[in-house]
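Q: requesting a structural model of the entry that follows:
(chains A, B, C and D)
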Amino acid sequence: MASMAMTKYPTEPLQCWNKAKELRQLYYENYAKAHEKGGIRWAGGAWSFDAVPMGLGSDVYPLTSEPYAASIAFDREFSKRCLEATEKKGYARDLCSYMRNYWGSVLLNEYAFGGPFPKPDFMWQDHVCCSHAKWYQVVRELEGGAIPYYCVDVAIGPYSEVSGKQHRVQYVVDQLHEGIEFLESATGRKYDDALLIEAVKNECRSTSVWAEISVLNKTVPAPLDEKTMYSLYVLGTLHKASKEVADFYEELRDEVRDRVARGVAAVGNERCRVITDTQPPWGFLKIFRYMEKYGCISVGSLYTFALIGVWEDKPDGTWGPRTTPMEAGTPMETRDQALHILADWNLSKPEWQHFYSPDIKSDLMLRIAKEWKLDGMMLHYNRGCEGLSLGIAENRLALIDAEIPVMVFEGNMGDESEFDEAATRNRIDSFMESLGIKRPGEVLQ
Amino acid sequence: MIERFADWYTARHDYAKAWKERTGGKVVGYFCTYVPEEILIAADILPVRILGSHEPQSVTEPHIFGMFCPFCRDCLAQGLKGRYDYLDGIMIAQSCLHIRQTFTSWAKHVPLDWSYYLPFPNHVQSQAARPYLIKELGLFKEAVESWTGKEISDADLDRGIQVCNDFRSALHQLYEARKADDPPLNGVEAMYAVVSGQLVDKTEHAAAMSEFLGTLDGRERPETGVRLMLVGSENDDIEFVEMVESCGSTVVTDDHCTGTRYFWNNAQPGEDRLASIADRYLTRPACPSKDWPTRSRVPHILDLADRWAVQGAVVLQQKFCDPHEADTPSIIEALKNKGIPSLFLELDVTVPVGQFKTRADAFLEMITADDLF
Amino acid sequence: MGEQEYWRWTEHRHHEESINPKDGEIVAAGIDVGSVSSQAVIMVDSQLYAFSSMRTGSDSPESASKALAWALEGTDLSTEDLDCVVGTGYGRVNIPFADKAITEIACHARGGNFMYGPSVRTILDMGGQDCKIIRCDEKGKVGAFLMNDKCAAGTGRGMEVFADLLAVPIEQVGELSFEVDEEPDPVSSTCVVFAKSEATGLMRQGWPKSKVLAAYCSAMAHRVVTLIERLGIEKEFAITGGIAKNPGVVKRLEQELGVEALKPRHDTQIAGALGGALFATALVKKGKGRKKK
Amino acid sequence: MITAGIDVGAKWVKVVLLRDGEIIGRGRELTGFEQKESASKALAAALQEAELQETHIDRTVATGAGRNDAPGNPIELTEVTAAAIGAVHVDGSARTVIDVGAEEGRAVRTSEDGKVVDFAVNEKCAAGSGAFTEAMARALETPVEQIGALSLESSQAIPMNAQCAVFAESEVVSLLHAKTPKADIARAVHDAIANRIVSMARKVGINEEVVVIGGVARNVGFIDSVERELELKVKVPEDPEYVSALGAALHAANTEA
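A: As a prediction, this is how the structure comes out:
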């Protein structure tokens, strides 16, 4: 009854929800069945330059490890077996929990979507956190040492310093050229630059449109809640450079625009806006539903906005989608041009900047707090991910200095044994009390 | 003789302050051994590696999430407690995420004249790394020049390279001596000798070392126990090595960034000084965070084990050190295939003697107990 | 600390009347001073003659001499008759009258080999504060071993904490854990202390003790299995130490491993001291005993 | 107006009755397995002291891990807020509140009117709670209520990491076997848990005054270690274990119905 009484805004389900589910399903099938059609399978990270292998042909299918590992984490029983298989192999329990789930799936030779684990024909990774390159180094060993592997180092310092230091972009571009030679020798295929250019354009489109969608969530009430965004942004982590994803994001953007126009809310009783930080404990997304009882909605996170979204400062001083090379009319006829654009575009990814200083991330969070009209933030101290938890304690201090209420909860995105649901609910209660928001039971009075 | 190294190790802060007093030069504290000390020395700067103090502390929790390694937190504690108040600047060469946080939090909360982040390439096995690093070393050189207001000439660089090479060569001779059936020094002494080299003026250290090497033959030899090598992450923990050797072992070599990885190879002098330095750091025995796609550490470690005739390996790492955790099982496996047993231990700020001594004792019994069967 | 301590194993001793130690060539002793209990074993020419098992006090030399004295009680032997004494366990470094200290790992392997015969290859010893998996050869010599990491989940202590919490004598914990209609889910927490609060929660929900114990025994068995499989299990498999007397853990562990543990011929708690006594005997044969001093 | 504050903790249930802000009754009962019963008993005890019937209570607020088992379908309040309100009431200068109970430790930064500004809770590890000292007391074969005084007799500090309680226990045992004086071990134990707690407190910031509440605050050895680690004196109100119950009762008086 309470929530009924509080409802202020109209809500309705997303039209393109099912399409998102289908795309995801199809993606994992295509990868598994690639060989049936004489196609190629490759594995890599959600941040890999997936546009590059697309130059090998239109029948080349990726499996990106983080979202795959997250799907494992959804299945608690399977995840438990995966984590244990990895531990039994002698790997530490405090390693990246995505990595441990993924390794377990390889060790058990079980694919989360049925059947044995489909071995990739080659591995194509990128490296910004300690675990990225080691991830597939170990996979190659677990798979017998024969799978060709290339990894691009993108840790060249903050993008803000790139201007005037073009050798830093060049370092990435040089590796991408080296990588294309690798791809040709690994697959015996002739590389097609036209396909690469096409893919780069799609990547710029999908990642900038995702930022546009995130911007729409500045609206009160928010048209999307973070729990929903997870299921949508994931497509970008699967295959940001594919036409399907780019097209889907444009369709989604139009629908979200329409929701904004009609004042449709994700959470009807929205009265407290927060964002979270780092990946959530995937097995426990219901904590978001618990927050909603208080009318508290997470409108996103730097993670959901900027893991895939590519951003820039807009003339009016706000944060918005980065202008694509197509819009800017930047020439993209040659392989080298395409690779330069691709490298520069990715290096500007906000979610990569905090690797060099927590201040960069703190500033972004403060900016989001202002532009997205937040009442507070919930930081997930994520034991499962060193990379995104990097500097999180300093972020917390910076937010408190800026007098933004912060709640911290400790957990693990992919290892449920490190998340305590009851304790977390209790923290949310305390946090809501400190924000002066009464518990659901009292709302009627 | 060895006492001098031990004194430098224990009184490192007094040394640095005295050096500053004496020379009027600048002291730079650095994190990670990928920092090109040649360039700092060329600028008459004293580079000191920032290490922890192995005491439990409560000051870093607000700054570094507890899932990061104890070493990076112990180091930050030193800064927050003002133990390095004599530093003029700090710098880091990009490697693992853990120690990077020590640098960023230190730069943020401990007021300093200068700090520098050198985005050292991780893909050292790629052709692309060399031209990139040479340019970065150039930028770094310029940054030092504009800070000190003094140009670094080729002659200066040659001196920096020479000083570091001589210093490393001396340590190599020390390690050569440890190949003997009855090494003239034990692991604790060797640790004092190598780690102090990361804390003091390298010319002074090299001089002291050659003097010490001269006394080795006449030296009364400590009793030789089971020949062990230490493999893993940062380890400057004297108490730990004392514990392991007190159980009846002698540490004869190591693969630590506080040990051989730090001084293993020299820079080859050439026309392009920065290129020589770049090559030196790109080809040194790698930190696991840079050792990919090929894991070059394994053959290197097996080679050390072979040449120093080790009977067993203690594989240890800072708790939560992901790069090492990703290597450890493969290393243990490779050693096993060579017939070298290993004992795995996790390092924390302090050594839980009770638990670790039992493991160490049992490990050594395993290697030696034959005569009782 | 007046109230009953359910978590302590009961104290006991025994000696073999059929053996006359005076006829023996070598009389050797092994003393295992553990964190919770201490055992002394006397062997005559490598035959088990007498043993005692009692609680450890906070003074290890005292506990050691007490255990030894109790083992000798009622025999015609006195400490002077011992040719060699080996100390093991946590207190090993602090047994003044011991000729040598050898770790519980080596001793459990050798003791296990004596107890279960030369076919034993993998030994699980769950002590109060650590859990050891030991690989050994037909002579009982250690080939490899693995111990729990800094998280003590799945050590004997956990079981003691539960016995205390539920006021069930530790000897009965195992049996009681089978008095359930169906196996409950294991307690989720791997931390001994939090498993305790989790158990308290379950009791508050009205779970019977047996069900709570079942949930904890299986959690513990599972934790240990993971450790065992890290080292890799090689038959025959045997369990030493107090935990071997807890069918609640042992049966569940065997089930999950798909391997049966050998049945013990002696009190499994004396395995360490037994191994010590065997080492002591070997030392005498090597001329390292007291007589030669 | 008469209000009741019921704190159903992991080990004890504490009850405070207020008449217009004045304490008129208190009750305490071991929580045990029968949480509901214990809570009612504790309430009954408090009512008896106040010579009142349950029907006289205008509003009840419950806090603590077992608050949902408190009698008289109370308003629920988390431990964090209850601790803040209670601590600031007993000591107006309290800005950093450290609350250490049997199984949880928490630190709260408060405003002068007792509002929660920031808080941190000891994460899933016993090393930062009373359970730790209890386990260590057993290893030391010293009654837990004496271990505090014992550690004050210590003459030297022994660095020990508060990690897994059981693992630390084996350190204690090793130290015992190494003939380390019990007093020094006791201090090492308190230093270890204090280290854990102070780390947590530093997270929310140390703004004097620092007030320590909860049952463990009665442990003089723990307080001594905390003060050494913080390098400042802390305040311990009398009957520190009742402060959160008091906070709950005060909240009951102040929430408009």
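
Q: phi first, then psi, for the most centrally placed residue in chain D.
A: By Cα atoms, centre = their mean, chain D has its centre lying nearest to D:Gly214, at 1.6 Å. In terms of degrees, to the nearest 10, the main-chain angles of D:Gly214 are phi 90, psi 160.

Q: now do it against chain B, distance only.
A: Remark: distance between D:Gly214 and chain B (Cβ to the nearest Cβ, to the nearest Å) = 18 Å. (C-beta placed from N, C-alpha, C; glycine too.)

Q: from D:Val61, how far out is that residue?
A: Distance, D:Gly214 to D:Val61, by Cβ to Cβ, to the nearest Å: 18 Å.

Q: so which residues on the stretch 251-400 of chain A come close to chain B?
A: Contact residues (Cβ under 8 Å from any Cβ of the partner chain) of the stretch 251-400 of chain A with chain B: A:355-359, A:381, A:383, A:386-387, A:389-394, A:396-397.

Q: need the contact list for the residue of the stretch 1-150 of chain B found nearest chain D.
A: Nearest to chain D in the stretch 1-150 of chain B, going by Cβ to the nearest Cβ, is B:Glu61, at a distance of 3.7 Å. If a contact means Cβ atoms under 8 Å, 6 or more residues apart in numbering or on different chains, then B:Glu61 has A:Ala393, D:Ser199, D:Met200, D:Arg202, D:Lys203 as its contacts.

Q: farthest-apart pair in those, please.
A: Maximum pairwise distance in the contacts of B:Glu61, criterion Cβ to Cβ, is 12.4 Å, between A:Ala393 and D:Met200.

Q: report the central residue of the chain.
A: Here I'm looking at chain A. What sits nearest the mean C-alpha location of chain A, by Cα atoms, centre = their mean, is A:Leu307, with 4.3 Å.

Q: try chain C instead
A: Central residue check for chain C by Cα atoms, centre = their mean: the C-alpha nearest the mean position is that of C:Gly241, 1.8 Å away.

Q: circling back to that earlier point, reformat the contacts of B:Glu61 as JSON lines; add secondary structure, neighbour count and pLDDT.
A: Below are the contacts of B:Glu61 laid out as JSON lines (DSSP: H, G, I helix; E, B strand; the rest coil; neighbours: other Cβ atoms under 10 Å in any protein chain shown; pLDDT from 0 to 100):
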{"residue": "A:Ala393", "secondary structure": "helix", "neighbour count": "24", "pLDDT": "97"}
{"residue": "D:Ser199", "secondary structure": "helix", "neighbour count": "24", "pLDDT": "91"}
{"residue": "D:Met200", "secondary structure": "helix", "neighbour count": "23", "pLDDT": "91"}
{"residue": "D:Arg202", "secondary structure": "helix", "neighbour count": "20", "pLDDT": "94"}
{"residue": "D:Lys203", "secondary structure": "helix", "neighbour count": "23", "pLDDT": "92"}
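
Q: can you tell me which residues contact whichever residue of the stretch 51-200 of chain A sits closest to chain C?
A: Distances between the stretch 51-200 of chain A and chain C by Cβ to the nearest Cβ are smallest at A:Lys88, namely 4.4 Å. Going by Cβ under 8 Å, 6+ apart, A:Lys88 touches C:Thr226, C:Glu229, C:Arg230.

Q: do D:Val204 as well
A: Applying Cβ under 8 Å, 6+ apart, one finds that D:Val204 lies in contact with D:Thr96, D:Ala107, D:Val108, D:Arg109, D:Val117, D:Asp118, D:Phe119, D:Ala120.

Q: the last one bridge partners, please.
A: Right, D:Ala120. D:Ala107 (DSSP bridges).

Q: beyond the lowest-mean-pLDDT helix or strand in chain A, next helix or strand please.
A: Scoring the helices and strands of chain A by mean pLDDT, DSSP states H and E places helix A:2-6 at the bottom, with a mean of 47. Remark: after helix A:2-6, the chain's next helix or strand is helix A:17-33, criterion DSSP states H and E.

Q: list of residues touching whichever strand or helix holds B:Tyr281?
A: For B:Tyr281, the host element (DSSP H and E) is helix B:273-283. Contact with helix B:273-283 is made by B:34, B:36, B:38-39, B:120-121, B:124, B:129-130, B:133-134, B:137-138, B:141, B:154, B:157-158, B:161, B:265-270, as judged by Cβ under 8 Å, 6+ apart.

Q: any figure for the gap between the residue in the stretch 251-373 of chain B positioned nearest to chain D and D:Glu104?
A: Using Cβ to the nearest Cβ, the single residue of the stretch 251-373 of chain B nearest to chain D is B:Gly354, 2.8 Å away. For B:Gly354, the distance to D:Glu104 (Cβ to Cβ) stands at 28 Å.

Q: do A:Val128 as well
A: Distance of A:Val128 to D:Glu104, computed by Cβ to Cβ: 37 Å.

Q: so what's the gap between stretch B:200-213 and the chain middle?
A: Stretch B:200-213 sits 17 Å away from the centroid of its parent chain (Cα atoms, centre = their mean, to the nearest Å).

Q: same check on stretch D:142-156?
A: Here stretch D:142-156 is found 19 Å from its chain centre; the criterion is Cα atoms, centre = their mean.

Q: what does it contact?
A: Stretch D:142-156 is contacted by residues C:1, D:133-134, D:136-137, D:140, D:181-184, D:186-187, D:189-190, D:218-225 when judged by Cβ under 8 Å, 6+ apart.

Q: again with stretch A:158-167
A: For stretch A:158-167, contacts defined as Cβ under 8 Å, 6+ apart pick out A:156-157, A:168-169, A:344, A:347-349, A:352-353, A:356-357, A:360, B:131-132, B:135-136, B:139.
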